[in-house]
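Peer 1: Just to be clear, the model below is a prediction. Sequence and coordinates:
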Amino acid sequence: MLYGDEHVRRYEETDGEVGHDWEKGAPILILTTVGRKSGQERKFALIYQEHEGDYVIVASKGGAPQHPGWYLNLQANPEVKVQVKADKFTAKARTATDEEREVLWPKMAKVWPAYDDYQRKTDRKIPVVILERA
């Protein structure tokens with residue numbers, strides 16, 4: 001099973017032929033943010049779902065009390081790069097509204113049921129992020 005930097009590397013080398021279909025069939029995209037402190041590009045392999053032409057990801061960090069670094073990065077700079085299989089594009093990231101989250105959370109939890117467990121074990125409201133193609 002691929003994780004972290006190795007997952008990103010193999011995905012990019014193969015245009016997602018290796019790494020797109022992940023554990024339990026969850027689909028993966030590559031998100032590239034700009035580090036809010038370093039100013040350098042940072043890449044992450046994340047579970048996604050398509051919704052009305054956009055891509056949706058979850059800032060779960062396994063239910064940790066703090067948001068993942070990539071989410072803090074996109075809050076500082078919402079302009080991101082995305083790769084879904086061989087499709088590479090720029091996008092604007094935004095946090096789903098409460099109303100959008102009500103629709104999107106069950107969709108994401110269906111593909112990765114552990115999201116519900118993560119939400120139960122943290123006091124923070126885990127953000128759902130929408131990536132809108134630029």
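Peer 2: Perfect, thanks for sending it.
Peer 1: Only the buried residues of stretch 47-62, if you could.
Peer 2: Neighbour counts over stretch 47-62 (16 or more other Cβ atoms under 10 Å) mark 47-49, 51, 54-61 as buried. Placement of C-beta: from N, CA and C, glycine included.
Peer 1: any chance of these in TSV, plus secondary structure, pLDDT and distance to T32?
Peer 2: TSV is the format used below for the buried residues of stretch 47-62 (DSSP: H, G, I helix; E, B strand; the rest coil; pLDDT from 0 to 100; distance: Cβ to Cβ, whole Å):
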residue	secondary structure	pLDDT	distance to T32
I47	strand	98	16
Y48	coil	98	14
Q49	strand	98	19
H51	strand	97	21
D54	strand	98	17
Y55	strand	98	13
V56	strand	98	17
I57	strand	98	13
V58	strand	98	17
A59	coil	98	16
S60	coil	98	19
K61	helix	98	18
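Peer 1: How much space separates the nearest residue to A26 once chain neighbours are set aside from Q40?
Peer 2: Excluding its sequence neighbours, the residue lying closest to A26 (Cβ to Cβ, 6 or more residues apart in numbering) is I47, at 4.7 Å. Applying Cβ to Cβ, to the nearest Å, the value for I47 to Q40 is 24 Å.
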